[in-house]
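Student: need coordinates for the below:
(chains A and B)
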Amino acid sequence: GDSVTQMEGPVTLSEEAFLTINCTYTATGYPSLFWYVQYPGEGLQLLLKATKADDKGSNKGFEATYRKETTSFHLEKGSVQVSDSAVYFCALSDMYTNAGKSTFGDGTTLTVKP
Amino acid sequence: GAGVSQTPSNKVTEKGKYVELRCDPISGHTALYWYRQSLGQGPEFLIYFQGTGAADDSGLPNDRFFAVRPEGSVSTLKIQRTERGDSAVYLCASSLRREDEQFFGPGTRLTVL
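Tutor: This is a model prediction of the structure:
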């Protein structure tokens, strides 16, 4: 079945550092890929998405590119802020084979220090 | 506008008891999903409703778990004979249509003693 593997955390960075969180996936169909963020005390929020190969999703300075050849969707940000401290989840969803249900990675906790 | 709401926010129960968890989706959203999130893990799919019907219940772990959505809006997840292993955060999400973005509720933290 479908699966998502994220780099293990936690990740601790200084403010303005470059961020990469790795995500690779296994899927039988042609999934859409997502990054969700969960800030402390809040629910899951969609951060960005990409629906087909070579698409780039971006939001709030974060980017991720759908790489079919490497089955990856790594999250990047050029300069992190303290407010980016949160748990980040990579996920996939295949509308045509799995009715839209999402498969999530285990999450990566990011802490940004001033 | 109002987002997805879930009640209660916390539920503590004893092993063997019955519990109901409620989800109020965003008004007009036809698709509704339940997920379970154990500590240190990502959400795990349980069941998906399209309208009033359960279109996919393949994630329900066993027959102690059941969910309904009788009028195509509010959904209730029901767990019979709770076990300590059922302790987790239960998340609900809704989307306008199956292919649209899912909006998540804050979750219900279930603790089975």
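Student: identify the residues contacting the nearest residue to residue A:27 once chain neighbours are set aside.
Tutor: Excluding its sequence neighbours, the residue lying closest to residue A:27 (Cβ to Cβ, 6 or more residues apart in numbering or on different chains) is residue A:2, at 4.7 Å. Bear in mind the C-beta positions are built from the backbone N, C-alpha and C, glycine included. By Cβ atoms under 8 Å, 6 or more residues apart in numbering or on different chains, residue A:2 lies in contact with A:25, A:26, A:27, A:28, A:31, A:92, A:94, A:98, A:103.
Student: based on its surroundings, how many neighbours for the fourth one?
Tutor: Looking back up the chat, that one is residue A:28. 10 (other Cβ atoms under 10 Å in any protein chain shown).
Student: list phi and psi for the residue lying closest to residue A:62 once chain neighbours are set aside.
Tutor: Leaving aside its sequence neighbours, residue A:62 sits nearest to residue A:77 (Cβ to Cβ, 6+ apart; 4.9 Å). Dihedral pair for residue A:77: phi -150, psi 130, per degrees, to the nearest 10.
Student: which residues does residue A:77 contact?
Tutor: Contacts of residue A:77 (Cβ under 8 Å, 6+ apart): A:18, A:19, A:61, A:62, A:63, A:84.
Student: and those residues, which of them are buried?
Tutor: Buried members of the contacts of residue A:77, scored by 16 or more other Cβ atoms under 10 Å in any protein chain shown, are A:19, A:62, A:63, A:84.
Student: inside strands: which ones of the contacts of residue A:2?
Tutor: With DSSP state E as the criterion, strands contain A:25, A:26, A:92, A:103 from among the contacts of residue A:2.
Student: got a ChimeraX select line for the buried ones in those residues?
Tutor: The ChimeraX command for the buried members of those (criterion: 16+ other Cβ under 10 Å) is given here:
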select /A:25,92,103
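Student: which residues does the residue of chain A found nearest chain B bridge with?
Tutor: Nearest residue of chain A to chain B: residue A:104, at 3.2 Å (Cβ to the nearest Cβ). Counting by DSSP bridges, residue A:104 forms beta bridges with residue A:91.
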